[in-house]
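K.L.:
Predicted coordinates and the sequence they were generated for:
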Amino acid sequence: MTLARAVDVTRRYGRELALAGVSLDIKPGELIGLLGPNGAGKSTLVNLLVGLRRPSSGTVTLFGGDPRDPARRQHIGLTPQETGLPATLRVGECVDYVAAHFDNPLERGEVLTRFGLDGLVKRQTGGLSGGQKRRLSVALAFVGRPRLVFLDEPTTGLDVEVRHVLWEAIRAFHAEGGAVLLTSHNLEEVEALATRVVVLGAGRVLADDTVPAIRGLVGVHRVSMASTPLPRLRGVVSTSESDGRLHLLTPDPDQLVRDLVTATVPFRDLEIRPTTLEEAFLQLTAA
Ligand SMILES: Nc1ncnc2c1ncn2[C@@H]1O[C@H](COP(=O)(O)OP(=O)(O)OP(=O)(O)O)[C@@H](O)[C@H]1O
């Protein structure tokens, strides 16, 4: 069963082609990280899936029907990239207002506890900090007990502590069986949360797989060491230096280590690890 589906979707804004033939299925229990550089088309894809915009061609379905049908939207939650909260409304009133749109909403107290907003129930939203406002905006997506939640850059601009509160709430929803599509520029976030990663670049899907598989697509390892300058070595695709250590990317780390030994390079503290999602992402989107 598919919760949301885009089939060969394009979307134009005038001459701008924001999506150029994108297909995506979201199934129950998935937590999908939608990654891509600025302007890749992430928000456009989210807006099509939730029925805020229509595709120029291709089809989009939500719970098997038209995403613009309010009955289909009863089962989704959404936090757009930019949200506004009525400044004079209190936090508790905001939750109650959203809850009034649903048949079986979460308890107000439960929503506030999950998102670390206890104690703010009587505070007007205009007086909240940026992090508190964002937590409330994300919390409101969960009020109607959705089956599928769309979060467009939920943690951008938040400090580590607040980000982790949101991560825990998203994880708890997912653990209870909820599905999530999350766009993010924070690769650590996608690596920490997502069961599946979709990489968009210039309006196309560049990769769609698990985090380890996306890393594997790039097929390089990072070999790091403390060392004096190195001789030329075979198979090194990039070299960088930080904190007195050299970092080499190579598809064959075993051969590289053999070559280092043969060349009697005086290395120390050798470390070999698979590519991070960030390294894979940079290579995929640079192509
Ligand atoms: N309302 C609009 N009118 C005209 N062009 C638009 C509109 N919305 C988006 N675009 C263009 O479509 C392309 C995709 O934009 P979109 O916002 O979907 O990308 P994104 O991946 O979400 O970017 P970001 O990470 O910066 O939020 C961009 O080139 C953008 O300028």
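P.N.:
Happy to help now that I have it.
K.L.:
where does Thr83 land on pLDDT?
P.N.:
For Thr83, the pLDDT comes out at 82.
K.L.:
Was I right to think it contacts Ser137?
P.N.:
Yes - contact criterion C-beta atoms under 8 Å: Thr83 and Ser137 qualify, at 4.2 Å. All C-beta spots, glycine's among them, are computed from the backbone N, C-alpha and C.
K.L.:
Of those two, which one has the most company?
P.N.:
Of the pair Thr83 and Ser137, Ser137 is the one with more neighbours under other C-beta atoms under 10 Å, namely 20 against 15.
K.L.:
Tell me how far that one lies from Gln255.
P.N.:
As judged by C-beta to C-beta, to the nearest Å, Ser137 and Gln255 stand 50 Å apart.
K.L.:
ok, now Tyr13?
P.N.:
Separation of Tyr13 from Gln255 (C-beta to C-beta): 48 Å.
K.L.:
Arg204 too?
P.N.:
According to C-beta to C-beta, Arg204 and Gln255 sit 34 Å apart.
K.L.:
Apart from its neighbours in sequence, what residue is nearest the closest residue to the ligand within the stretch 51-200 of the chain?
P.N.:
Closest approach between the stretch 51-200 of the chain and the ligand, counting by C-beta to the nearest ligand atom: Gln81, at 5.9 Å. In space, Gln81 comes closest to Asp152 once its chain neighbours are excluded; the distance is 4.2 Å by C-beta to C-beta, 6 or more residues apart in numbering.
K.L.:
show me the residues around that neighbour that make contact.
P.N.:
Residues counted as contacts of Asp152 (C-beta atoms under 8 Å, 6 or more residues apart in numbering) are Lys42, Ser43, Val46, Leu78, Thr79, Pro80, Gln81, Thr183.
K.L.:
one step back: compare Tyr13 and Gln255 (neighbour count), which wins?
P.N.:
Counted by other C-beta under 10 Å, Tyr13 and Gln255 do not tie: Gln255 has more neighbours, with 13 against 10.
K.L.:
was I right about that one contacting Leu233?
P.N.:
No - counting by C-beta under 8 Å, Gln255 stays clear of Leu233, with 9.2 Å between them.
K.L.:
roughly how far apart are Thr262 and the ligand?
P.N.:
Look at Thr262 and the ligand: by C-beta to the nearest ligand atom, to the nearest Å, they are 46 Å apart.
K.L.:
what's around that residue, how many residues?
P.N.:
8.
K.L.:
Next, the residue of the stretch 51-200 of the chain closest to the ligand: phi, psi?
P.N.:
phi -60, psi -40 (degrees, to the nearest 10).
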